[in-house]
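Engineer: Predicted coordinates and the sequence they were generated for:
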Amino acid sequence: MASLHTLLGVVLCSLMVSSSEILPQADFDLQAMAGKWYLIGICSNAQWFVSRKANMKTGTAIIKPTEDGGIELSFSSLTNNGTCRKMENLANKTEVPGKFTYRSRYWGYVSDLRMVDVKYDEYGLTYSFNTRGNETFVVNRLYGRSLDLSAELQEKFRQFCLQTSILPENIVLLPKSEECPLD
């Protein structure tokens with residue numbers, strides 16, 4: 001029985017990938033990524049996420065390329081009390097197309113953001129490895145140009161989350177909510 005547990009552990013570990021193995025999409029096009037996106041799914045191993053996931057809803061994101069190749073990230077979502085929560089961050093480009101870094105103005109963590117899989121007129125899958133003090137955590141997001149994505153894309157997102165060591169119970173496809181305007 002012990003050898004079965006050991007074998008299962010080895011198999012599970014072999015299915016996981018480290019952050020250094022997560023690469024941005026090879027032909028990433030920043031201009032094509034620009035515009036309005038809806039946050040459809042999110043998964044994370046962060047404690048803040050685990051404690052808040054049940055109350056999360058879809059949100060709206062705007063991606064604007066900067067002149068130096070970075071991106072302005074704006075996000076809004078409806079809170080439980082009916083108000084809009086808005087966040088903005090400025091992500092700096094790196095030497096790798098599709099990879100950006102930023103410090104969250106809202107939460108204070110440093111993020112290594114990668115645009116992993118994008119079909120610019122349909123969906124975007126992102127991976128971010130985040131640090132705050134001694135804490136590290138992963139946040140993966142599934143964005144859509146519309147609020148409705150296929151079951152296949154939702155499953156693709158779920159599998160990606162599992163491959164990046166996210167527990168199944170921490171993978172959330174968000175319920176639709178009213179849109180908060182991004183002024």
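Structural biologist: Nice, I can see it.

Engineer: Name the surrounding residues that touch whichever strand or helix holds N92.
Structural biologist: Secondary structure assignment for N92, by DSSP states H and E: strand 84-93. The contact list for strand 84-93, computed with C-beta atoms under 8 Å, 6 or more residues apart in numbering, reads 66, 68-79, 99-106, 111, 113, 180-182. Placement of C-beta: from N, CA and C, glycine included.

Engineer: beta partners for the residue nearest to the spatial centre of the chain?
Structural biologist: Most central in the chain under C-alpha atoms, centre = their mean is R141, positioned 2.5 Å from the mean C-alpha point. In this structure, R141 has beta-bridge partners I42, T126, where bridges are defined by DSSP bridges.

Engineer: wait, what's in contact with it?
Structural biologist: L39, G41, I42, L125, T126, S128.

Engineer: burial count for R114?
Structural biologist: When neighbours are defined as other C-beta atoms under 10 Å, R114 has 23 of them.

Engineer: three-state assignment of it?
Structural biologist: In the three-state summary, R114 is assigned as strand, counting by DSSP: H, G, I helix; E, B strand; the rest coil.

Engineer: Now do it, the pLDDT please.
Structural biologist: What the model reports for R114 is a pLDDT of 97.
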